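Visitor: I would like to see how this sequence folds:
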Amino acid sequence: MDTPAGRLTVLADDDGVVHAAGFTTDADGLLALVHPRLRGPIRSRNDLGPITSAVRSYLDGDLTAIDAIPVEQHTDGEFMAHAWHTLRQVKPGEPITYTEFAGLAGRPRAVRAAAMACARNAAALFVPCHRVLRTDGGLGGFRWGLPVKTWLLDHERSPGDR
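Guide: As a prediction, this is how the structure comes out:
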């Protein structure tokens, strides 16, 4: 679907569980981010029911609408899965640093591992790694580009903070 931040492509299974999402038109490239165990055939649809509704609500200002959408990613590491779960607890409009993220994930000294969890996250928007910033407040990286990360963060700021 088109968004003000660019085209959002979502890969989900027939049960409505998101496996990957990104600001791209390259569904095959997005599929490459999905663990082989979770991959299935790509069937293009313009409406994914509750997923599409949640994204539209998010774009219209209901910033928590995407929170109820189930997400499944697979990793061989226990910390990564826990870190992705932890990212889903970071509130819109309240970005945290990589150091704070590592602490929330229960490994305060594992700042690099926390950053790696953001880098390997395949379900952007639904697992909001865009809400994690460098310690100096800088944006850090984002797979889909810093202009997209900036737009998402600006969108999530309360109107009084804009």
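
Visitor: contacting residues for the residue nearest the centre of the chain?
Guide: Centroid-nearest residue in the chain, with Cα atoms, centre = their mean: A124, separated by 2.4 Å. Taking Cβ atoms under 8 Å, 6 or more residues apart in numbering as the criterion, A124 is in contact with A21, G22, F23, H130, R143, W144. Placement of C-beta: from N, CA and C, glycine included.

Visitor: Nearest to P108 among those residues?
Guide: H130 (21.9 Å; Cβ to Cβ).

Visitor: part of a helix, is the closest one?
Guide: Yes - assessed with DSSP: H, G, I helix; E, B strand; the rest coil, H130 lies in a helix.

Visitor: My guess is it contacts K149. True?
Guide: Yes - counting by Cβ atoms under 8 Å, H130 touches K149, with 4.7 Å between them.

Visitor: circling back to that earlier point, how much space between the residue nearest to the centre of the chain and G141?
Guide: Distance, A124 to G141, by Cβ to Cβ, to the nearest Å: 12 Å.

Visitor: what touches both of those two?
Guide: Common neighbours of A124 and G141 (Cβ under 8 Å, 6+ apart) do not exist.

Visitor: Comparing H130 and K149, which shows the higher neighbour count?
Guide: The neighbour count for H130 versus K149, taken as other Cβ atoms under 10 Å, is higher for H130 (29 against 24).

Visitor: So for that one, what pLDDT did the model give?
Guide: The pLDDT attached to H130 in the predicted structure is 97.

Visitor: Please list all residues in contact with it.
Guide: So H130 contacts A124, F142, V148, K149, L152, L153 (Cβ under 8 Å, 6+ apart).

Visitor: if you set the cut-off to 10 Å instead, what comes out?
Guide: 5, 87, 90, 92, 95, 118, 121, 124, 139-140, 142-144, 146, 148-153, 155-156 (Cβ atoms under 10 Å, 6 or more residues apart in numbering).

Visitor: Spatially nearest residue to W84, not counting backbone neighbours?
Guide: In space, W84 comes closest to V127 once its chain neighbours are excluded; the distance is 5.2 Å by Cβ to Cβ, 6 or more residues apart in numbering.

Visitor: Let's verify that neighbour: helix, strand, or coil?
Guide: Classified using three-state DSSP, V127 is coil.

Visitor: Brilliant, that's me finished.
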